[in-house]
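Trainee: What follows is a predicted structure for the sequence shown.
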Amino acid sequence: MNKSEAEYALILADRVAVGAIRSFRYEDTTLRLTVGDGPQVRYTPDFRVIELDETITFVDVKPAWYSRAARRVILQPEEDAKIKMRMVADLFPEYRFRGVGRRPKKYGGGWIEEDVGPA
């Protein structure tokens, strides 16, 4: 677990403590994205979160940076991570997928949380 993931795990633990979510686990699920006879592609999100309504949300912690074009801090996952997150949202509509990243302190700090939906 890297530093950002450890910091987000503390946030999730706080959410469990106050009753905002039921539970969470770190890297305990791997989803197979292979369709047909294609190459084996797997996706292991950083966290599996069980919401109060029993919905499963998979969370990936990614870098965040300020985009001059967008005029805001945005998540910046690697290109393969973007593709995988979109694929899993398409292949597994029964789950929710979310990218999160730490906003730089000079832009207000805190965390950005963005849901990833089907393409």
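Mentor: That came through, no problem.

Trainee: Check which helix or strand residue 14 maps to.
Mentor: helix 3-17 (DSSP states H and E).

Trainee: can you check residue 57 too?
Mentor: Counting by DSSP H and E, residue 57 is part of strand 56-61.

Trainee: Which positions in that strand come out as buried?
Mentor: Under the neighbour-count criterion of 16 or more other Cβ atoms under 10 Å, strand 56-61 has 57, 58, 59, 60, 61 buried. For glycine as for every other residue, the C-beta is placed from the backbone atoms N, C-alpha and C.

Trainee: Quickly name whichever of those is closest to residue 8.
Mentor: Using Cβ to Cβ, residue 61 comes nearest to residue 8 of those, at 5.2 Å.

Trainee: How confident was the prediction at the closest one?
Mentor: Looking at residue 61, its pLDDT reads 92.

Trainee: pretty sure it is touching residue 9, no?
Mentor: No - with contact defined as Cβ atoms under 8 Å, residue 61 does not count as touching residue 9 (9.1 Å).
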